[in-house]
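[1] fold the following.
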Amino acid sequence: MAALSVALFFLGIFFYSVYRTLWYGIGEWGLNKTVNWAWDITNFVWWVGIGHAGTLISAVLLLFRQKWRSSINRAAEAMTIFAVICAAMFPVLHMGRPWLAFYVFPLQNTLGSLWANFNSPLLWDVFAISTYFTVSLVFWYIGLIPDFASIRDRAKGPIARFSYSMLSFGWKGSAKAWSRYETVSLILAGVSTPLVLSVHTIVSMDFATSVVPGWHTTIFPPYFVAGAIFSGFAMVLTLMLITRVVFRLEDYITLEHIALMNKIMMVTGSIVGVAYITEFFIAWYSQVEFEGYAFINRATGPYWWAYASMMTCNVITPQLVWFRRVRYSIPLTFILSIIVNIGMWFERFVIIVTSLHRDYLPSSWAMFSPSIIDIGIYVGTLGLFFTLFLLFAKFFPVINMAEVKTILKYTVDNGPTYNPEKAHAAHAHHPATHGAPASAPVTYNKHD
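    I've put the predicted structure just below:
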């Protein structure tokens, strides 16, 4: 309740900041003639990146039969949906006239000869994000149906029973239903897998197709995808480590899960580090004066502190994961996950603001500093994200119960356990407790 109160307070800041933006216009933000794209697009790309890990964990790891995903995929999928909702706010608000947002769709236009410009990367964003959101939402909800049925069968109040009955679509758990469930899951995973690569590739095209020094580079698509997975896994770790403690899920989200996620974070962080170095090399190798200056200005110009923060958080800090003690340490992993998300926000800020604030004409050089409304909208989207996630954790199962049942070890005499010795000790204390749950797949131990 305390966490929800804080999240709702920040959500209130969001609504006030949006009201100021819509009523008074984009002039409420800290933009100027030179830096006409700043915190809004920075936050947009950051939120889309955070939403990346859910699809990767759900779809790609499912296709590769990685069983360790089962404990974390539900919360990661929910996080994806909430992060994409937060991301979608920024392009709409940046329009200045969001009530005309339907102009981006290829609808028949009755107001004159104005059509959607399919050559614009911003329109590609509309299709990429809407497709990503739709597929992720369907994938997430399909996975919830068997768990809703389990809750329906145990619900005590009439309202809860009716609500979960509606949500479960009359699931009975028959062999045919399970067969179709598995088939649909695999089809959706196959559809979602290209999205992991395409969504952030298209977001990177916002920059790569321009002629601004520092943006016009072909390395952006793979570099943005790696960065998105990097920040997405960091946010999954941040949320799951708290959820693990609050809901006492230590037996389900184990240290092994945390270590494997740390390894993925380290690999993608290293790819991002190589991309940073490659950008500098190409700027030097191209011998383009403007390109070279853009990167020197990033590292040594007025925004050097943002560049230093980015390099420290994204390149140096993740290398600590090479040490086993760090990989398996919950407090260190939690701190590292927050540092990575701070670093990835600075990466987007550095790419956008430092490339714009000093353009081809020294007479138009300008500095950018955010207004209180800029800050309010960003903090407010965090409030929106955590409000949605906390409500999800309250009313929906945060772990995919149906999938976890298939990988837990059961014996005749005890329930789920990853540690047979611990299970036998528990049985010694409570000899009257016999039999695994009827709904669980049981593996009989011949020696018992």
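[2] can you show me the helices along the stretch 251-400 of the chain?
    255-285, 289-300, 304-311, 324-327, 330-356, 372-395 (DSSP state H, counting those that start in this stretch).
[3] most packed of the ones you listed?
    The highest average neighbour count among those, using mean count of other CB atoms under 10 Å, belongs to helix 330-356 at a mean of 21. C-beta coordinates here come from the backbone N, C-alpha and C atoms, glycine included.
[4] tell me how far it is from the chain's mean position?
    Here the centre of helix 330-356 is set off from its chain's centre by 14 Å, with CA atoms, centre = their mean, to the nearest Å.
[5] and it, what does it pack onto?
    Contacts defined by 3 or more CB pairs under 8 Å, 6 or more residues apart in numbering; DSSP states H and E place helix 330-356 against helix 39-50, helix 220-246, helix 255-285, helix 289-300, helix 304-311, helix 324-327.
[6] pipe those helices into CSV and attach distance to W140 per row.
    Conversion of the helices and strands packed on helix 330-356 to CSV gives the following (distance: least, CB to CB, whole Å):
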stretch, distance to W140
helix 39-50, 16
helix 220-246, 14
helix 255-285, 19
helix 289-300, 38
helix 304-311, 32
helix 324-327, 28
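[7] could these be laid out in TSV, adding mean pLDDT?
    As requested, these are exported to TSV (pLDDT from 0 to 100):
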stretch	mean pLDDT
helix 39-50	88
helix 220-246	86
helix 255-285	87
helix 289-300	86
helix 304-311	90
helix 324-327	85
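[8] which among those is found nearest to I399?
    For the helices and strands packed on helix 330-356, proximity to I399 was assessed by CB to CB; helix 220-246 is nearest, at 8.8 Å.
[9] now the closest one: buried residues?
    For helix 220-246, burial by neighbour count (16 or more other CB atoms under 10 Å) applies to 220-221, 223-241, 243-244.
[10] I'd like to know which elements that helix is packed against.
    Short answer (3+ CB pairs under 8 Å, 6+ apart): helix 220-246 packs on helix 39-50, helix 52-55, helix 73-94, helix 175-208, helix 255-285, helix 330-356.
[11] and the fourth one with helix 39-50, angle?
    Right, helix 175-208. Between helix 175-208 and helix 39-50, the angle comes out at 140 degrees (axes from the mean of the first three to the mean of the last three CA atoms, to 10 degrees).
[12] quick one: distance of helix 175-208 to the chain centre.
    15 Å.
[13] what pLDDT, on average, does that helix get?
    For helix 175-208, mean pLDDT is 84.
[14] hang on, the earlier thing: next, format the helices of the stretch 251-400 of the chain as a markdown table and append distance to N119.
    Output for the helices of the stretch 251-400 of the chain, formatted as a markdown table (distance: least, CB to CB, whole Å):
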| stretch | distance to N119 |
| --- | --- |
| helix 255-285 | 26 |
| helix 289-300 | 24 |
| helix 304-311 | 31 |
| helix 324-327 | 46 |
| helix 330-356 | 22 |
| helix 372-395 | 29 |
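[15] ok, which of those helices comes nearest K176?
    helix 372-395 (28.7 Å).
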